[in-house]
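Asker: Here is the input, now give the coordinates:
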Amino acid sequence: MKDFKYMSMADQAMDKIRKGAFLTVAAEGELNTMTIGWAMFGVVWQKQVLMVAVRRTRHTFGLMEKASDFTVTVPSGDMSRETAFCGTKSGRDVDKFRMCNLKTANGRHVASPIIQTPGIHFECRTVYKSALNPANLDSGLDQTIYPGKDYHTLYFGEVLACYETE
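Answerer: Numbering: from 1, shown residues only. Alright, predicted model coming up:
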């Protein structure tokens, strides 16, 4: 396992996140993962952060609301079948881990696990969350991204660990 400085991995991770990464969260004995294609890296409140967006209709949303942390796994190999499945099926209805043969590994600094696959892993402690307010959203984005008015909640996670596994 190689440890990396957070921002040095951001560009590489963003190229891969656009193709699909796993957002994984554990809360109250329940575990779920979903596919994300959007994220934002930066420094806020003097902390290195990773921001993820989760729609309130997603099963993951309820877990994110209960959890104090989350992980993002950015696979280095082709996991397009798995990310497609986890992006279109709900953890309410199916066991994504079993259906996709996904294994988890304990996080180093958080309760939520990582997906055990070669790639870059971010372990994050939620430091801020905010439901998107459509009154403050560009009307063009509101019409194109949210035609069903299913707005995201933004979760800012302080990056406690960033590392690559092979």
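Asker: At the geometric centre of the chain, which residue sits there?
Answerer: For the chain, Leu23 is the residue whose C-alpha lies nearest the centre (C-alpha atoms, centre = their mean; 2.8 Å).
Asker: which residues pair with that one across the strands?
Answerer: Partner residues in beta bridges with Leu23: Met34, Val72, with DSSP bridges as the criterion.
Asker: which element follows the worst-scoring helix or strand of the chain on mean pLDDT toward the C-terminus?
Answerer: In the chain, the helix or strand scored least confidently by mean pLDDT, DSSP states H and E is strand 2-3, which has a mean of 54. Heading C-terminal from strand 2-3, the first helix or strand you meet, by DSSP states H and E, is helix 6-17.
Asker: neighbouring contacts of that next one?
Answerer: Taking contacts as C-beta atoms under 8 Å, 6 or more residues apart in numbering, the residues outside helix 6-17 that touch it are 21, 36-39, 41, 43, 48, 72, 74-76, 119-120, 122, 159, 162, 164. Every C-beta, even on glycine, is put in place using the N, C-alpha and C of the backbone.
Asker: Now list the buried members of those.
Answerer: When the contacts of helix 6-17 are checked for burial by 16 or more other C-beta atoms under 10 Å, the buried set is 21, 36, 39, 41, 48, 72, 74-75, 119-120, 122, 159, 162, 164.
Asker: Restricted to strands, list the residues you listed.
Answerer: Assignment to strands by DSSP state E places the following of these there: 21, 36, 41, 48, 72, 74-75, 119-120, 122, 159, 162, 164.
Asker: Adding distance to Ala27 and pLDDT, write those out as a markdown table.
Answerer: Below are those laid out as a markdown table (distance: C-beta to C-beta, whole Å; pLDDT from 0 to 100):
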| residue | distance to Ala27 | pLDDT |
| --- | --- | --- |
| Ala21 | 20 | 97 |
| Ile36 | 17 | 97 |
| Phe41 | 24 | 92 |
| Gln48 | 23 | 92 |
| Val72 | 16 | 98 |
| Val74 | 22 | 96 |
| Pro75 | 23 | 96 |
| Gly119 | 23 | 95 |
| Ile120 | 23 | 94 |
| Phe122 | 18 | 96 |
| Val159 | 20 | 95 |
| Cys162 | 22 | 92 |
| Glu164 | 26 | 91 |
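Asker: ok, the residues you listed vs Tyr151, which is closest?
Answerer: Here the nearest of these to Tyr151, counting by C-beta to C-beta, is Ile36; it sits at 15.8 Å.
Asker: looking at it, the closest one is touching Leu50, isn't it?
Answerer: No. At 10.4 Å, Ile36 and Leu50 do not qualify as touching, with contact defined as C-beta atoms under 8 Å.
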